[in-house]
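Enquirer: Turn this into a model:
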Amino acid sequence: MPRTEPTEPAEPTGPAEPDDPGSAGAETTRDRPGKQPRSWKRRLTWAALAVVLVVLVPLLVAGTALRINFTGDPADGTHTRDRDALWLGHAWVDGRKKDADVTALARRLEGTGIRDLYVHSGPLEHDGSLPKSRYPRARWLIESVHREIPGVRVQAWLGDILAPEHPEALHLERAESRAAILRSTREILDTGYDGVHFDLEPLHSGDGDYLELLDALHRETDSRNVPLSVAAHQIDPLPGFHSSWGAVTGHPKWWSQEFFGQVARRVDQIAVMSYDTMQPLEGTYGGYVAQQTALALEVTPPGTDLLMGLPFFKENRFGHWAHAETVPAAVRGVRLGLSRTDADRARFGVALYVDFAATEADWTAYREDWVDRP
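Expert: Just a heads-up that it's a prediction; the model follows:
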């Protein structure tokens, strides 16, 4: 049978007890047999509060630290070293862009510090191969840029999604896949590109197969006297953070600082994807970029170009908030990190992602805050 609520006792006729907070005749739990004080509610309330504090307090502390990191004045002279880069979409090599577009690009880049164009020329097949049909207009673009924008290099931007996070993806642990990537690199450099830029994601920290691939690729690019460039994940904001985050989410987004340095020593350029940071405010995002810049500078050898990514795109989703990840905040963060770590470093720049999503405000901020030419 279903349980029934206990019958409420009749209202007492005597005066309320002296310690009763209510008026005469008020009922107390002590006067109600069958009901116990609801201490479990209090315990549940305290447990919920503890959980909230465990989550919120570290976030508040971290946010405050990042905001403080965004304060101060950048050092004089922390502006372009004429080693900046721009990521360009696939339209530049598949036939959609024409001569007039190259002329317009030349006008856009005039007076900036952009030296390299990373032109999307893939993606790679999951076995590491690259059909030549992916870049039918590459030679036209390279010749047009060399004619219209002297001194600017055109690099082939190649990439793919990686296993094990994706079931159908490129497997770097397979020797045949790495060998195919090397063959694809040779073929695309034969087209006339001035270098090759790899963006393989998600790439877990400590991946020895990736380091082995970079060694092979660098021998090839060195033999041709062209640069090997890579896009890099962000560095652990706290030591070992990639491991704990990966254990919880299955996606270790960050690299250890040690692994970042191992990659940087094997390439000629390394561009940090310093966007998609999950930061909710412009001030914390800028402080985060300042921290990333400092961490990267500490382990990038002087002979490698270090570039920090600027968000030339607008999205609103978990991981990226357009109102927070702005070009002015990123540039100020870059300058602060550079000022505090290695203000006079020559082989340093910013990389603009991406041409087809950029606004006039993005270009203006880059010119005024980073290029800073009279």
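
Enquirer: From now on I want contacts and neighbour counts done on CA atoms only, so please keep to that.
Expert: Will do.

Enquirer: I figured H323 hits E282, correct?
Expert: Yes - shown here, H323 and E282 form a contact pair, counting by C-alpha atoms under 8 Å, at 6.9 Å.

Enquirer: Following the helix or strand hosting L86 in sequence, what is the next regular element?
Expert: In this structure, L86 sits in strand 84-88 according to DSSP states H and E. For strand 84-88, the following helix or strand on the C-terminal side (DSSP H and E) is helix 99-109.

Enquirer: Would you report the backbone torsion angles of I235?
Expert: phi -100, psi 150 (degrees, to the nearest 10).

Enquirer: could you pull out the helices for the protein?
Expert: 39-69, 99-109, 138-148, 175-190, 208-224, 241-249, 257-264, 282-299, 327-341, 360-365 (DSSP state H).

Enquirer: H323 and E282 - which one has more neighbours?
Expert: Regarding H323 and E282, a neighbour count based on other C-alpha atoms under 10 Å identifies E282 as having more, with 21 against 13.

Enquirer: Tell me who's in contact with that one.
Expert: H323, A324, E325, T326, A329 (C-alpha atoms under 8 Å, 6 or more residues apart in numbering).

Enquirer: Of all the helices of the chain, which one is nearest S129?
Expert: S129 lies closest to helix 175-190 among the helices of the chain, at 5.4 Å (C-alpha to C-alpha).

Enquirer: buried residues in stretch 178-194?
Expert: 178-186, 188-189, 192-194 (16 or more other C-alpha atoms under 10 Å).

Enquirer: Could you export it as PDB, CA atoms only?
Expert: C-alpha atoms of stretch 178-194 as PDB (Å, rounded to 0.1, in the frame of the first residue of the first chain):
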ATOM      1  CA  ARG A 178      54.500   9.800 -43.400                       C
ATOM      2  CA  ALA A 179      56.200   8.600 -46.500                       C
ATOM      3  CA  ALA A 180      53.200   9.700 -48.600                       C
ATOM      4  CA  ILE A 181      53.200  13.100 -46.900                       C
ATOM      5  CA  LEU A 182      56.900  13.600 -47.900                       C
ATOM      6  CA  ARG A 183      56.100  12.600 -51.500                       C
ATOM      7  CA  SER A 184      53.200  15.100 -51.600                       C
ATOM      8  CA  THR A 185      55.500  17.800 -50.300                       C
ATOM      9  CA  ARG A 186      58.000  17.100 -53.000                       C
ATOM     10  CA  GLU A 187      55.400  17.200 -55.700                       C
ATOM     11  CA  ILE A 188      53.800  20.500 -54.500                       C
ATOM     12  CA  LEU A 189      57.200  22.200 -54.100                       C
ATOM     13  CA  ASP A 190      57.900  21.100 -57.700                       C
ATOM     14  CA  THR A 191      55.000  23.400 -58.700                       C
ATOM     15  CA  GLY A 192      57.000  26.400 -57.600                       C
ATOM     16  CA  TYR A 193      55.800  27.200 -54.100                       C
ATOM     17  CA  ASP A 194      58.300  29.100 -52.000                       C
END
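
Enquirer: Show me what that stretch is in contact with.
Expert: So stretch 178-194 is in contact with 124, 127-130, 132, 138-139, 142, 153-156, 172, 195-196, 213, 216-217, 220, 226-227, going by C-alpha under 8 Å, 6+ apart.
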